[in-house]
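1. What would the 3D arrangement of this be:
(2 chains)
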Amino acid sequence: MRNQHDFLQGIMTVEAEGTLIEPFLQACTRHGCHISNLKRVDNNKVVFTIRLKDWAILRRLRKKYRCRLSIKDGKGIPFIFQHLLKRVSLLVAFLAAVAVIFLLANTLWSIKVEGLTPELEADVESKLNSYGVSPGKLTIGMKDPNEIQQNLLDDIPDLLWIGVKKQGTSYHLYGVEKTRYDTDVNDRPSNLVAAKKGMVVETFIKKGRPVVSVHDVVKKGQVLATGQLVEEGESFVHSEGEVIAETWYRVEQTLPMKQVLILTDGTMEKEYQIQVGKVHFPVWGWWRAEEEGVREEQHDSKWSVFGVQSPVYMKTVNYYSIDPKAYESSKKEIKELGLTSARNSLIQELDQEAEIKEEKVLHLDEENGKVKLILLYKVYENIAETKYFSQGD
Amino acid sequence: MSKWQQQIRAWIGRYFDLPSDVMLDLPRITTIGSIHVYIENHTGLLHFSDTEVRIQYKKGQVRILGKDLGVKMMLKEELLLEGELKSVEFFPDSKGGST
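-> Sure, this is the predicted structure:
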């Protein structure tokens, strides 16, 4: 306990030199010094430890006893503090660190918007930006979340509600969009006609009178359902509905049996260039540019400082050594390849709801190193297309 | 006068059974084995070195001999020595100890 007390107050190791050391020490203790760890170093030199506050007494008495004092060491809080004060750079760095931490902790790092469509989200973000709420800005002096919430609701009419919550260094926004029901009902009288040739598989007519039934084969443009509710009648409606029909697709493909693939074997050489405007200077590896049988890939590392792009940047060119290889595939492999590629391209072309029902190879032939492949696909898809009655009718 | 006072003090000390160091202004020297010496009621440190420490008290001197002696703590009337003790010798003034 006493040691800790001394540590707080500071203790120092002092060396005293002189002929009257013992009387000097005696006088010091008489004035209230606590001397400890006294050791004789020399005939007229001793080392001892005193408390920091006793130093004044020692200094007062040293003239009288003709002692020369020198401080060897200081321990304790006052010395540590003094030491720190001496190192101004350390102190400055400490203060700077505190300031930086404070700034970083008060910077808005991210804004998260949830529950909204991307368009509305972008709208909310741009509005936030106009209020001065964007990542990288200081939250000090920023508007209160409640105020932001109110402003957003006022400025964006499509928002039903938005919750703004500040979580540490980020803003969380939970939005609810107003759902708008399309009130302008299309009631222009119309027919449903076939968009393409096919065999009707299923009909679902919401409005209108169906004129085709299942297993009927329809041509392109043929009426599937009419808006004329009664034959020869006067009431016309806007017909709506789905007609799923079986349609057919013919795919013809000619595939070469020999393919030359260019492969890289993993060895890569790099060339570095510095680009200034339109001029570039080679830095390293420029001698490789002349080599044959390599594939080049360029990467620009653009440096931007606070959104301004620096005109100087590093350009890296990777040279991959390539190895052309010819592959000869069998007829069967080519067929597989053709089937999958045809199927994939067909899926891309069709509606999302369309379904490929059947796949048939009509023709597979090999001639002059090429495979000719003819495929037939059976697809179930919606062929109904709205066609308005012309004004003249 | 002081002789007479001295006798009175000794008599009071004996009569009331008081500790003699208080009554007679003598140092109380406590040793812990031969490693520590605790001296109370002394009046001054006369000499101090690795092998010898001499202490003044009211009526004489104490000489402590030893090896690697050091003062662990020194207060106004207390002294704690540590080291390897050899002997503690007394030189009362009446027998002509030097000052």
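2. Buried residues, stretch A:8-23. List them.
-> A:10-12, A:14-16, A:18, A:21-23 (16 or more other CB atoms under 10 Å in any protein chain shown). Glycine gets a C-beta too; all of them are placed from N, C-alpha and C.
3. So which of the residues you listed belong to helices?
-> Within the buried residues of stretch A:8-23, membership in helices is found for A:21-23, as judged by DSSP state H.
4. filter the residues you listed by proximity to chain B?
-> Residues shared between those and the neighbourhood of chain B are A:21-23 [CB under 8 Å from any CB of the partner chain].
5. List just the nearest of those to chain B.
-> Set against chain B, the nearest of those by CB to the nearest CB is A:E22 (5.0 Å).
6. Would you mind confirming that that closest one is in contact with B:E52?
-> No - between A:E22 and B:E52 there is no contact under CB atoms under 8 Å: 11.8 Å.
7. coming back round to it: in JSON lines: the buried residues of stretch A:8-23, plus distance to B:Q61 and pLDDT.
-> Listed next are the buried residues of stretch A:8-23 as JSON lines, based on distance: CB to CB, whole Å; pLDDT from 0 to 100:
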{"residue": "A:G10", "distance to B:Q61": "36", "pLDDT": "87"}
{"residue": "A:I11", "distance to B:Q61": "31", "pLDDT": "89"}
{"residue": "A:M12", "distance to B:Q61": "31", "pLDDT": "90"}
{"residue": "A:V14", "distance to B:Q61": "27", "pLDDT": "91"}
{"residue": "A:E15", "distance to B:Q61": "27", "pLDDT": "92"}
{"residue": "A:A16", "distance to B:Q61": "23", "pLDDT": "91"}
{"residue": "A:G18", "distance to B:Q61": "22", "pLDDT": "88"}
{"residue": "A:I21", "distance to B:Q61": "18", "pLDDT": "87"}
{"residue": "A:E22", "distance to B:Q61": "12", "pLDDT": "87"}
{"residue": "A:P23", "distance to B:Q61": "15", "pLDDT": "88"}
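8. Now, those that are in strands?
-> Among the buried residues of stretch A:8-23, DSSP state E puts A:11-12, A:14-16 in strands.
9. can I get those residues in JSON lines with distance to chain B?
-> Compiled in JSON lines, those are given as follows (distance: CB to the nearest CB, whole Å):
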{"residue": "A:I11", "distance to chain B": "13"}
{"residue": "A:M12", "distance to chain B": "15"}
{"residue": "A:V14", "distance to chain B": "13"}
{"residue": "A:E15", "distance to chain B": "15"}
{"residue": "A:A16", "distance to chain B": "11"}
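10. Where do the domain boundaries of chain A fall?
-> With domains defined by automatic domain parsing, chain A comprises A:2-82, A:110-177, A:190-242, A:253-257+A:329-384, A:260-302+A:309-326.
11. Looking at strand pairing, list the partners for the nearest residue to B:T31 once chain neighbours are set aside.
-> Nearest non-adjacent residue to B:T31, counting by CB to CB, 6 or more residues apart in numbering or on different chains: B:V37, 5.0 Å away. Per DSSP bridges, residues listed as beta-bridge partners of B:V37: B:T31, B:L81.
12. residues in contact with B:V37?
-> Listed by CB atoms under 8 Å, 6 or more residues apart in numbering or on different chains, the contact partners of B:V37 are B:29-31, B:64, B:79-82, B:85, B:88.
13. most surrounded residue in those?
-> Greatest neighbour count in the contacts of B:V37, by other CB atoms under 10 Å in any protein chain shown, goes to B:L79: 27 neighbours.
14. helix or strand for it, which one?
-> strand B:78-92 (DSSP states H and E).
15. How far does that strand sit from its chain's centre?
-> Mean C-alpha position of strand B:78-92 versus that of the full chain (CA atoms, centre = their mean, to the nearest Å) differs by 8 Å.
16. any residues touching the helix or strand of chain B with the lowest mean pLDDT, and which ones?
-> Least confident helix or strand, chain B: helix B:20-24 with a mean of 71, by mean pLDDT, DSSP states H and E. Outside helix B:20-24, the residues that touch it by CB under 8 Å, 6+ apart are B:6, B:9-10, B:12-13, B:26-28, B:40-41.
17. can you tell me which residues contact the residue nearest the centre of chain A?
-> Against the mean C-alpha coordinate of chain A, by CA atoms, centre = their mean, the closest residue is A:S110 at 11.1 Å. A:S110 makes contact with A:135, A:169-171, according to CB under 8 Å, 6+ apart.
18. Show me which of those residues is closest to chain B.
-> Among the contacts of A:S110, and counting by CB to the nearest CB, the member closest to chain B is A:T169, at 56.0 Å.
19. For whichever residue of the stretch 101-250 of chain A sits closest to chain B, pull up the helix or strand it's in.
-> Proximity to chain B, evaluated over the stretch 101-250 of chain A using CB to the nearest CB, is greatest for A:I101 at 45.8 Å. Under the criterion of DSSP H and E, A:I101 resides in helix A:88-105.
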